[in-house]
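J.: Output the structure for:
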Amino acid sequence: MEDGRISDDQITASSSFDAQSVGPQNARIRTEKASGAWCPKSQIRNGSYEFLQVSFNKTHVIRAIETQGRYGNGTGREFAQQYMLDYWRQGTTKWIRYRLRNGTDLIEGNFDTVTPVQRVLDPPIIAQKIRLVPYSVQTRTTCMRMEVYGCEDQEGLLGYSILEPEMDGVEEFKDEIFEQTSWTDGNQKKGLGLLTDGIIPTYPPIDPVFHLPVKNSTWLAFKRSDSDGRIRIQFDFESDRQFADMEIFGYGRPLEKIIVEFSNDGNIYEHPMESDYPQNLLNQQQELYSVKVPLNGRKAGFVQVLMKFSTDSTFLSEIRFNTDFKNATTSILEEFSFNSNKQSQIYYLFITVMIIILVAMTAALCGLLIFRRRKRHGSTEKLSSLGSPSSRSTAATTMSRDLKPTNTLITTLPLNGGQPRHVIHSHSFAPHHGLYGPIKGNLYGDHRVAASTQRILGLAPPSRSCSGTLFKDHHQPSLLDIHFPPPPPSDASTCRLEPALSNSSSEGIYAEPSVPLLGSRRCGTQKRQVPKTRNLKENTLSRKNKTLPLRARQEEEEQHYAIANFAMLPVDRPSSNPGYSAFHPYQHHQPRTKLIPRANVQFIEKIGEGRYTQIFSCYVSEATKKYKAAIKFQHQEAEEARMALQSEIALTHDILHANVNQCLGQTEDGAIITNYCPYGDVRQYMQKYQSLPRMRLIQFCTEIAAGLAYLEQRGIVHGHLSPKSCLLDENLGVKIASPRGPSHHAQLRYSAPEAIVLNNWSNRSDAYSFGMTVWEILHGCTQPPYHDLTNNALFENARNQLESSPAAVYPPFDQTLMNSIDKEIIDLIRDCWSSHPEQRPGFYEIHVFFVRKQLNSQNSL
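T.: Below is the predicted model of the structure:
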């Protein structure tokens, strides 16, 4: 809406207080047009139904909603604290009320008239029209501006219905997110739900340790006694589509038989295709599996799938259809090449020209690589000045400028003709071949492993506006347009997705970058140049000059919720350290998040204590609910502690990921309310419950990688990763606690060498810490890395690693572990420990790798 791709006639409303001044055409976010927002005619009260509606020309996937109140150049006082969403698409007979995965239909809105608040929709909405319905328990005047993030739907799936059995799941595994629609197929309701939400779990539905169901609306269960071992599901599409294959993701023993039938009218189904699972691959073991059924380009608008199983129960999480459109250009060339000898000559001439172009491009690429290698060789001479202690400060400053972490967002993968379909989780989709070798599977055909995928989330990035300038209004102004005070300083010179490029401090803490799912053009691209490190023959452990202060012993470093011991090394401010500038807050800002009165917090017991902070479990009471949480606050006055708490709030207040601990709110005195994790951190849990199954350890690693991939996608450097900062919730799901922002300080046993020696932080330094964390987890958390080295020796070893010295040492792998675990995992850990940050894998690749191990290597680990 902000960039004008949605026209005024696509934005309507139930009513307006004044159609010209506060009509729906003025509801574009970050835009001061007329009186600055849409305001309904009536005040909002409990039971009222006023709405702002956006209509699309085609069906769209809506992944996030952003709202803002009415600023009105300083005169506005109206905003909506909560709202609901209704939507409509082809096939539905009435508007559908949206529900989040947790079952609630109320979405938290704004807390002032200025700050935009974006809420990610999980599951996403598939709709042609959407309504934003403001809500308030008490009567109040409300005005709103909004933005919609999404893209055009490429799948064309209108809905599905489970024809047999009659129930949609059993016991704790029902389809809780299925749309509340009156659309039916006979006696069965029809719509979209769990089987098409794009989420593919990487963990079993039953906890293998406590044998309890994992309740988070991701698995659908079917009992053989209810359905005689048959599941029949009908899928309706907008129009006829050509199907390449179908993928089914589940848990248990693989389905024994799958029958797929096709129809053009939804009444007569014909041309069945049967697929039987190979009997020699069937076993009694319950496991995650993925089945891919080739459909050979069948064309239909309706598909019925019959699945048969013989076990007591089976679980499904996702069913996806991949379409295949024939390349028209290829068809034309094939026809053209056989018409005549003359046309054949033209065809071969065309192929020759293409080969010449390819050779020329290859030569140009080789020249570019030679140029870059020579340039990198020249930068090696810079690093040689690190040899003397007097020159290390200058050299460290130089390398701090050179080692610039990129903010690349790896969020989509091309499928079906190049259209991006998936993002990392909750959003990643593994390619056909993983980073560390081809995927091994016991499926019907070729198979791709999916991990926590979302629905279609992006198109090619179009040009979008980077300013919030005043729109020209060609209508006669109303009285509300006259004699307004001047607006606040404009951010027209910067792109709101890149606050680092702005010199204004007013946006530093609120302009946390989001990923608009319609795509956006980044304001600038900086290439990272990492100089090669030199090799030293001498043993640098014998150096006498020590530059790092002594640290507390390992057991004193951290407490349970990642409580900080602050700033042992000087921290570069954003102006000088590009690793922070794009996404991290400054000390002068107050983060704006949900305010929870301290009186509404009931303390239970202390669960952790640090140098300046304490952690208590507590109950938090709000207007409509009461829940258990954790509260972190200062118990001693310290500027470093205050800055760290503010930084944590700013970095985590809008985080919405299952594997990252979220800031739920803050009290008026600056305390942080976070998720409560009853099982403590990973190290505590593993030391208490020894000899955990190997797949539980791989699950921990997979979920840590998923959370870090999300932070990498957001451009956030964690900076303090270890098993102590990975908490376990009530379902034994990992939640990464407390990204440190500008409050980084080196952990000598976990931090990357460039972080320890040069104070240079990036997502690739997080990859080094991830390697150390995985090493400790796979060894049962019995001892930390380098447990036999002192602090001084650790610092010297970091310098040796940075310089690729033969004297550098790394944690050894236990021989029993080497014999029992997949060698590819050990290779991955060693890749994470590379002394060259650019050679370490990204977290998208790491997450895909561990998902593949979970799905396909359970028996071999």
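J.: At which residues are the helices of the stretch 701-850 of the chain located?
T.: 753-758, 763-778, 791-802, 815-820, 823-832, 843-856 (DSSP state H, counting those that start in this stretch).
J.: er, the stretch 551-700 of the chain I mean
T.: 578-581, 639-652, 682-688, 694-713.
J.: which parts of the third one are buried?
T.: Neighbour counts using 16 or more other C-beta atoms under 10 Å place 682, 683, 684, 685, 686 of helix 682-688 among the buried residues. C-beta: built from backbone N, CA, C; applies to glycine.
J.: which strands and helices sit next to that helix?
T.: Of the remaining helices and strands, those touching helix 682-688 by 3 or more C-beta pairs under 8 Å, 6 or more residues apart in numbering; DSSP states H and E are strand 726-728, helix 763-778.
J.: Of all those, which one comes closest to residue 622?
T.: Closest approach to residue 622 among those is made by strand 726-728 (22.7 Å; C-beta to C-beta).
J.: mean confidence score for the closest one?
T.: The average pLDDT within strand 726-728 is 94.
J.: One more: stretch 661-671?
T.: Across stretch 661-671, the average pLDDT comes to 87.
J.: how long is that stretch end to end?
T.: In stretch 661-671, first residue to last residue: 15 Å (C-alpha to C-alpha, to the nearest Å).
J.: mind listing the strands for the stretch 51-200 of the chain?
T.: Secondary structure of the stretch 51-200 of the chain by DSSP state E, counting those that start in this stretch: the strands cover 52-68, 82-88, 96-97, 107-108, 117-135, 145-152, 157-164, 169-170, 173-174, 184-185, 188-189.
J.: Same list (the helices and strands packed on helix 682-688) but as a markdown table, adding mean neighbour count and distance to residue 231.
T.: Formatted as a markdown table, those follow (neighbours: other C-beta atoms under 10 Å; distance: least, C-beta to C-beta, whole Å):
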| stretch | mean neighbour count | distance to residue 231 |
| --- | --- | --- |
| strand 726-728 | 24 | 33 |
| helix 763-778 | 25 | 37 |
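J.: who wins for proximity to residue 139 among these?
T.: Closest of the helices and strands packed on helix 682-688 to residue 139 is strand 726-728, at 41.4 Å (criterion: C-beta to C-beta).
J.: Residues touching that closest one, excluding its own?
T.: With contacts defined as C-beta atoms under 8 Å, 6 or more residues apart in numbering, strand 726-728 is touched by 560-561, 661, 675, 677-682, 685, 700, 704, 734-737, 773.
J.: pLDDT score for residue 584?
T.: Looking at residue 584, its pLDDT reads 34.
J.: cool, and residue 477?
T.: 40.
J.: again with the one 4 residues further on
T.: If you check residue 481, the pLDDT there is 38.
J.: cool, and residue 535?
T.: Residue 535 carries a pLDDT score of 36 in this model.
J.: re the thing from before, would you reformat the buried residues of helix 682-688 as CSV and include pLDDT and distance to residue 46?
T.: Shown next, in CSV, are those (pLDDT from 0 to 100; distance: C-beta to C-beta, whole Å):
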residue, pLDDT, distance to residue 46
682, 94, 44
683, 93, 48
684, 91, 45
685, 92, 44
686, 92, 49
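J.: which one among those residues gets closest to residue 850?
T.: Nearest member of these to residue 850, counting by C-beta to C-beta, is residue 682, at 14.8 Å.
J.: you'd agree the closest one is up against residue 778?
T.: No. Using C-beta atoms under 8 Å, residue 682 is not in contact with residue 778; the gap is 11.7 Å.
J.: how close does residue 71 get to residue 144?
T.: Distance of residue 71 to residue 144, computed by C-beta to C-beta, to the nearest Å: 12 Å.
J.: and those two? which has more neighbours close in?
T.: residue 144 (27 against 24; other C-beta atoms under 10 Å).
J.: What is the burial count for residue 347?
T.: Neighbour count of residue 347, defined by other C-beta under 10 Å: 16.
J.: Three-state assignment for it, please.
T.: With DSSP: H, G, I helix; E, B strand; the rest coil as the basis, residue 347 sits in helix.
J.: What separation do you get for it and residue 786?
T.: Counting by C-beta to C-beta, the gap from residue 347 to residue 786 is 64 Å.
J.: Also residue 695?
T.: Applying C-beta to C-beta to residue 695 and residue 786 gives a distance of 28 Å.
J.: before we move on, the earlier item: and the buried ones among the contacts of strand 726-728, selectable in PyMOL?
T.: Typed into PyMOL, the line below selects the buried ones among these, using 16+ other C-beta under 10 Å:
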select buried, resi 560+561+661+675+677+679+680+681+682+685+700+704+734+735+736+737+773
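J.: Which ones among the contacts of strand 726-728 map onto strands?
T.: Counting by DSSP state E, the part of the contacts of strand 726-728 found in strands is 675, 734, 735, 736.
J.: Now flag whichever of the residues you listed is closest to residue 834.
T.: For those, the nearest to residue 834 is residue 736 (22.2 Å; C-beta to C-beta).
J.: Quick check: bridge partners of that closest one?
T.: residue 660, residue 726 (DSSP bridges).
J.: Let me know whether it touches residue 707 as I believe.
T.: Yes. Taking C-beta under 8 Å as the definition, residue 736 is a contact partner of residue 707 at 4.1 Å.
J.: Overlap in contacts, these two.
T.: Common contacts of residue 736 and residue 707 (C-beta under 8 Å, 6+ apart): 659, 660.
J.: List the contacts of residue 314.
T.: Neighbouring residues of residue 314 by C-beta under 8 Å, 6+ apart: 221, 222, 231, 250, 251, 252, 253, 255.
J.: which SS class is residue 354?
T.: Quick answer, by three-state DSSP: residue 354 is helix.
J.: can you check the one 3 residues further on too?
T.: Secondary structure assignment for residue 357 (three-state DSSP): helix.
J.: which stretches of the stretch 101-250 of the chain form helices?
T.: Using DSSP H, counting those that start in this stretch, helices in the stretch 101-250 of the chain cover 224-227.
J.: Between the helices and strands packed on helix 682-688, which one is closest to residue 846.
T.: helix 763-778 (6.9 Å).
J.: Can you find the helix or strand of this protein with the lowest average pLDDT?
T.: When each helix and strand of the chain is scored by mean pLDDT, DSSP states H and E, helix 578-581 comes last, with a mean of 32.
J.: which ones are touching the closest residue to residue 675 other than its chain neighbours?
T.: The spatially closest residue to residue 675, leaving aside those adjacent along the chain, is residue 661, at 5.3 Å (C-beta to C-beta, 6 or more residues apart in numbering). Residue 661 makes contacts with 561, 652, 674, 675, 677, 727, 735, 736, 737, 738, as judged by C-beta under 8 Å, 6+ apart.
J.: need these in TSV with distance to residue 111, can you?
T.: As requested, the contacts of residue 661 are arranged in TSV below (distance: C-beta to C-beta, whole Å):
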residue	distance to residue 111
561	25
652	17
674	19
675	21
677	26
727	27
735	25
736	26
737	25
738	23
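J.: farthest-separated two in these?
T.: 652 and 677 (14.0 Å).
J.: send the alpha carbons of stretch 690-710 over as PDB?
T.: Presented in PDB, the C-alpha positions along stretch 690-710 are these (Å, rounded to 0.1, in the frame of the first residue of the first chain):
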ATOM      1  CA  GLN A 690      22.400 -38.600  30.800                       C
ATOM      2  CA  SER A 691      22.500 -41.000  27.800                       C
ATOM      3  CA  LEU A 692      19.900 -39.200  25.700                       C
ATOM      4  CA  PRO A 693      19.000 -40.800  22.400                       C
ATOM      5  CA  ARG A 694      21.200 -39.600  19.500                       C
ATOM      6  CA  MET A 695      18.200 -38.300  17.600                       C
ATOM      7  CA  ARG A 696      17.400 -36.000  20.600                       C
ATOM      8  CA  LEU A 697      20.900 -34.500  20.300                       C
ATOM      9  CA  ILE A 698      20.400 -34.000  16.500                       C
ATOM     10  CA  GLN A 699      17.000 -32.400  17.200                       C
ATOM     11  CA  PHE A 700      18.700 -29.900  19.600                       C
ATOM     12  CA  CYS A 701      21.300 -29.100  16.900                       C
ATOM     13  CA  THR A 702      18.600 -28.700  14.200                       C
ATOM     14  CA  GLU A 703      16.500 -26.300  16.200                       C
ATOM     15  CA  ILE A 704      19.500 -24.300  17.300                       C
ATOM     16  CA  ALA A 705      20.400 -24.000  13.600                       C
ATOM     17  CA  ALA A 706      16.800 -23.000  12.800                       C
ATOM     18  CA  GLY A 707      16.800 -20.200  15.300                       C
ATOM     19  CA  LEU A 708      20.200 -18.900  14.200                       C
ATOM     20  CA  ALA A 709      19.100 -19.000  10.500                       C
ATOM     21  CA  TYR A 710      16.200 -16.800  11.500                       C
END
